[in-house]
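S.K.: Build me a model from this:
(3 chains)
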Amino acid sequence: MSALGELRALRARDAQGKRIPASRRDDKAAAVFLAPWLIGMVGITLGPILASLYLSFTNYNLLQNPTFTGLTNIQRMVEDTNLGSSLVVTLVYTVVSVPLQLAAALLVAVLLDRGMRGLSFYRSVLYLPSLLGGSVAIAVLWRLVFGGDGLLNALLAVFGIQGQSWIGSPNTALGTLIILHVWTFGAPMVIFLAGLRQIPRQYYEAASTDGATRWRQFRSITLPLLSPIVFFNLVLGIIGAFQSFTQAYVISNGTGGPTNSTLFITLYLYQKAFGSLQMGYASAIAWLLLLIVGAATALNFWASKYWVFYDD
Amino acid sequence: MHLRSRVIGAVAIATASVLAVGGCAVGNSNGGGAELSKDPVTISLNWWGAGARVTATEEAVKAFEKEHPNITVKTQSTDWGSYWDKLATTVAGGSAPDVMQFDQIYVASYAQRGAIADLGQYSKYLDTSDLTKNVRDTGQYDGKLYAVPIGLNSIGVAVNRTVLDEYGIDMPSAKGWTWDEMNTVAKEVTEKSGGKVKGLDPFGGDTPSLTLWARQHGGAVFDDKGKVVLKPSMLADYWQYALDQIDAGVTPSPSQLAEGTNAALDQSDIATGKVAMTFIPSNLSAYQVAAPSQKLDMLPMPAAADAKKGWQYLKSSMYWSISSKSKHPAEAAELIDFLTTSPKVGKIFGAERGMPANPAFQKQITPDLSGSDKIVMDYVKQVTAESGPPAPITPVGAQDADTLLAQIWQNVQFGKTTPKAGAEQYVTQLKKAIQDAQ
Amino acid sequence: MTDHSTALRPAPATPPADRRPDPRPETVRVAKARGSRAGSIAKHTVLILLSLVMLYPVLWMVVSSLRPDGHIFDNPSLVLNTFDTENYTTGWSALQRPFGVYLANSAIIVIGAIIGNLVSCSLAAYAFARLSFRYKRLAFGAMLVTMMLPIQVLIIPQYVIYSQLGWINTFLPLIVPKFLATDGFFVFLMVQFIRGIPRELDEAARIDGAGHARIFFQVILPLMKPALATAAIFTFIWTWNDFFSQLVFVTAPDKYTASVALRQFIDPTGQSDFGALFAMSVVTLVPVFLAFLFGQRFLLRGIATTGGK
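M.R.: Modelled structure (predicted):
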């Protein structure tokens, strides 16, 4: 804070002439600037969260009042095999697709990072899919690429390979979604590029004159110095993966099939809420999702002290 | 004021309002407006089904507006999948359409929860006396009429004549055939076409065909008290039959079937010539339109020689209902009356929504029917002659019966469970769902 | 320095400014240079192949939209030998309303969302970045946490609230929250940006007698243009592509947005027409692509700055 600011803080007094501590000096102004945010926070975020907590303990079909049912929903969740499947599917998806996507992003970022010609072209081209990846259009396209008569099989046929219905087969349906996620590596790649640029060239030069191989340099310089950014991308990536909905919904046509192999927990929640009209149960599932995301994030933060290296 | 207490106050208000919201749900059918108004009135009409149905309905609506100049009808249509997702939420939000197309899966559930109106209140405007008792009763819940049946259908088998002729296979008799005969035809098609065309798309995931199967073997799925009476062994046999067909290679693979669920009609296996036979709810015309180069025919469900008599029955394909929160129920009733009894509508709708439930409409359109419409009409007449009492509509709490069945059937197809285990699971879960809804 | 890794730490004794001449003999250097040219060619090849593979599905979709329907799945190649725009005209009128209606719906929502975000998030960001007030840390933390909340936890009660307000089936549930700074990501983005604006400018204005309002409008806001542009473009793309909330809150078919309408093409009532689907998909993706072309700078920088410290 500048000297002038300090001075002002010292002199601030409220209506009664009492000194207002620096930390509260702008309370009134803040209330004005933050008014929209506060309304949104309470009405659209906080209120609904608490309400959904309450609804988790009720039976609510939207057509009649919610009836309090205590722990029935929780008991039901424990016995619900579909819920179990959806948890497994979502977990597998997250654990596989997020690291794969980040690895691809990192690899390509390293490949690109050397002030090479065409850098901005490649960067843009490879970034584009991540802009499109969340859209319905791409999800529908994906269905047609990996379908029994789809693009992939047509390409394989050129090499004489007989393809199958990738989205119709329980073993590979989730794989198509994973591939879709990895396809969008462009966004984390851009972040890695920015991060790579901040690593002083001299470190690499010094290491290479010391005889370190490119791989050693990568492991010992790039990775540690990039680790805060990797961590950031990992946290956001995991949170995002747990919340995935559109792609699974479109590719499985809302069914989460075949045989629940693409039943993301968000899709199951949607089915229960708007399909079966079991809003109370769906709210319970939503809270379960929230707790899982929270736990995963906390776990991430805890584990970060073992591998994230801060340069400060 | 302290920021903290302000925040807490705000949170309390928000929470309370959300909870209060939960308490302000639907439920009171006001009964007000049960007289036709002289003032201009606007009512809304919703249905599912695109294409020809949209044109036909809008034409019918125009005819209605001509006869009732002070009533304007706003129309809206969507696809089957979204229709039900949205209906419940619009009902809860108080913006439900006045007149809604309905399906037997949901009639009981919505009636029990007070979301659709008891039509007996509007008998002054809505005359259902044309319908036979059997048909009208399919729109009842708890002794009251909540939905007016519009059309009738019955699960049968669509057969691609063009393919059968191409490979020189004899078409089975339209009077009736057996399960074994179906298998024979399926095998012949598959073999003679060198695997290019498979025999059929198997059944397995819809309760109407399951109901017919159960009735053939002397059982049922639901009783008229809303309980599940399906024997797991019957369901297991039903699935085993289809599974045997899959194993014999006369059907597409489970993956292909999975990919094709919810496919549009012109992408369906029968329209694209991938299979020669498929089970359909007698909407042959829609498939024929989707496959103009093929000639489709309609056969009843196969039945063993010793099947219980009267196993056939006609299901109401769809109904009209009135929202219990409608502000203009009298006008809505007038509209339904017009749509179900006016000869103008009989002509406009034709057989597009299934064979008309109203016998007068049936008589009216029969002479003009041709092509697949005629085939369907003959088929429905045949079924009517052989019908037993209709099966009960889906009870309260069982609206997921089809989804659940399809889901477990898929598990069976991919070998994740056996027909026997899957059937037990289905019956248990279905019973529980009904119980939970009480 | 807290060192948690077992990395090879560069020796701090070698000052970065110390440029020692490359001791390697001439031939080695030339060989290295030539080797690196070959390496560079290899690298470019890999990158070009990668780009091709990445873009292949999208390019195929565009090319297929210009082929007659019915020949789409026969032809996996990208060779454009026909330029048949029939799919576009068919697709435009394939649903209950001309597709332009759905595009317009999306546009309305997007414009509302952009304005809402720019207004409310900049206000909130100013408060977090420049003001001192009670519970500031708590509020900021709460805002960060909301960035991580799954929307599914909120959607049901939100739906109930909106239906009681009569907002279901209007665009209000999709626009009004944007005016209430519910997108924590942009608040965060702008906070970071404002922090980079020297406080001296604020002080200078204050000496002239400006209160916070004037400082905000006359000092900070004009300097925030890059952050505002970034927020606008991201809002545009995310809202345009959004599906879930649009699916839930907008129920009448003629109010559908482009995303929801697209899904109709693969629903099972009647005909499906993949050519038309592709054509309308291309149409729906064009605005995103254009936003990308014009806003690349902001997009890439915006991502990079929030990804960094």
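
S.K.: Taking chain C, what residue is nearest to chain A?
M.R.: Residue of chain C nearest chain A, by C-beta to the nearest C-beta: residue C:180 (2.7 Å). Quick note: C-beta positions are derived from backbone N, CA and C, even for glycine.

S.K.: which one is that residue nearest to, not counting chain neighbours?
M.R.: The shortest distance from residue C:180 to any non-neighbouring residue, by C-beta to C-beta, 6 or more residues apart in numbering or on different chains, is to residue A:40 (2.7 Å).

S.K.: doesn't residue C:177 make contact with that neighbour?
M.R.: Yes - in this structure, residue A:40 is within contact of residue C:177 by C-beta atoms under 8 Å, at 6.0 Å.

S.K.: quick one: low-confidence parts of the chain?
M.R.: You didn't pick a chain, so chain A it is. Within chain A, the segments meeting pLDDT under 70 span A:1-20, A:22, A:115, A:311-312.

S.K.: my bad, chain C
M.R.: C:1-36, C:71, C:266-272, C:302-309.

S.K.: hey, where'd the helices end up in it?
M.R.: Secondary structure of chain C (DSSP state H): helices at C:26-65, C:86-92, C:99-130, C:136-147, C:151-165, C:172-175, C:184-195, C:199-207, C:212-214, C:221-223, C:225-241, C:244-249, C:258-264, C:274-307.

S.K.: Return the residues in contact with residue B:354.
M.R.: Counting by C-beta atoms under 8 Å, 6 or more residues apart in numbering or on different chains, residue B:354 touches B:150-153, B:281-283, B:317-318.

S.K.: Against residue B:416, how distant is residue A:175?
M.R.: 18 Å (C-beta to C-beta, to the nearest Å).

S.K.: Make JSON lines out of the helices of chain C and add mean neighbour count and distance to residue A:268.
M.R.: Listed next are the helices of chain C as JSON lines, based on neighbours: other C-beta atoms under 10 Å in any protein chain shown; distance: least, C-beta to C-beta, whole Å:
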{"stretch": "helix C:26-65", "mean neighbour count": "14", "distance to residue A:268": "28"}
{"stretch": "helix C:86-92", "mean neighbour count": "18", "distance to residue A:268": "32"}
{"stretch": "helix C:99-130", "mean neighbour count": "22", "distance to residue A:268": "27"}
{"stretch": "helix C:136-147", "mean neighbour count": "16", "distance to residue A:268": "23"}
{"stretch": "helix C:151-165", "mean neighbour count": "23", "distance to residue A:268": "10"}
{"stretch": "helix C:172-175", "mean neighbour count": "22", "distance to residue A:268": "23"}
{"stretch": "helix C:184-195", "mean neighbour count": "22", "distance to residue A:268": "26"}
{"stretch": "helix C:199-207", "mean neighbour count": "15", "distance to residue A:268": "50"}
{"stretch": "helix C:212-214", "mean neighbour count": "15", "distance to residue A:268": "47"}
{"stretch": "helix C:221-223", "mean neighbour count": "13", "distance to residue A:268": "44"}
{"stretch": "helix C:225-241", "mean neighbour count": "21", "distance to residue A:268": "23"}
{"stretch": "helix C:244-249", "mean neighbour count": "22", "distance to residue A:268": "14"}
{"stretch": "helix C:258-264", "mean neighbour count": "25", "distance to residue A:268": "19"}
{"stretch": "helix C:274-307", "mean neighbour count": "20", "distance to residue A:268": "27"}
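
S.K.: Can you redo these as JSON lines, where the extra columns are distance to residue B:293?
M.R.: Below are the helices of chain C laid out as JSON lines (distance: least, C-beta to C-beta, whole Å):
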{"stretch": "helix C:26-65", "distance to residue B:293": "23"}
{"stretch": "helix C:86-92", "distance to residue B:293": "19"}
{"stretch": "helix C:99-130", "distance to residue B:293": "28"}
{"stretch": "helix C:136-147", "distance to residue B:293": "55"}
{"stretch": "helix C:151-165", "distance to residue B:293": "46"}
{"stretch": "helix C:172-175", "distance to residue B:293": "44"}
{"stretch": "helix C:184-195", "distance to residue B:293": "53"}
{"stretch": "helix C:199-207", "distance to residue B:293": "74"}
{"stretch": "helix C:212-214", "distance to residue B:293": "72"}
{"stretch": "helix C:221-223", "distance to residue B:293": "65"}
{"stretch": "helix C:225-241", "distance to residue B:293": "39"}
{"stretch": "helix C:244-249", "distance to residue B:293": "36"}
{"stretch": "helix C:258-264", "distance to residue B:293": "26"}
{"stretch": "helix C:274-307", "distance to residue B:293": "18"}
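
S.K.: Residue A:283: which of those helices is closest?
M.R.: Across the helices of chain C, residue A:283 has its closest neighbour in helix C:151-165 (5.5 Å, C-beta to C-beta).

S.K.: what does that closest one rub up against?
M.R.: For helix C:151-165, contacts defined as C-beta under 8 Å, 6+ apart pick out A:43-45, A:47-49, A:51-52, A:55, A:62, A:243, A:245, A:266, A:269-270, A:273, A:279, A:282-283, A:286-287, A:289-290, B:17-18, B:21-22, B:24, B:89, B:92-95, C:168, C:172-173, C:244-245, C:248-249.

S.K.: now do 7 Å
M.R.: A:44-45, A:48-49, A:51-52, A:55, A:266, A:269, A:273, A:279, A:282-283, A:286-287, A:289-290, B:18, B:21-22, B:24, B:89, B:92-93, C:168, C:173, C:244-245, C:248-249 (C-beta atoms under 7 Å, 6 or more residues apart in numbering or on different chains).

S.K.: wait, what's in contact with the residue of chain C closest to chain A?
M.R.: A:36-37, A:39-40, A:44, C:120.

S.K.: what's the answer for residue C:232, then?
M.R.: Residues near residue C:232 by C-beta under 7 Å, 6+ apart: C:114, C:118.

S.K.: can we see that at 10 Å?
M.R.: Residue C:232 sits next to C:110, C:113-115, C:117-118, C:186, C:291, C:295, C:298 when contact means C-beta atoms under 10 Å, 6 or more residues apart in numbering or on different chains.

S.K.: Just checking the distance from the strand or helix carrying residue B:257 to the centre of its chain.
M.R.: If you go by DSSP states H and E, residue B:257 is part of helix B:254-260. Its chain's C-alpha centre and that of helix B:254-260 lie 22 Å apart, by C-alpha atoms, centre = their mean, to the nearest Å.

S.K.: Over the following helix or strand past it, what's the mean pLDDT, rounded is fine.
M.R.: Toward the C-terminal end, the helix or strand that comes next after helix B:254-260 (DSSP H and E) is strand B:275-280. Mean per-residue pLDDT for strand B:275-280: 92.

S.K.: cool, stretch B:54-63 as well?
M.R.: On average, stretch B:54-63 scores 91.

S.K.: does chain C sit close to it?
M.R.: Yes - interface with chain C: stretch B:54-63 contributes residue B:54 (C-beta under 10 Å from any C-beta of the partner chain).
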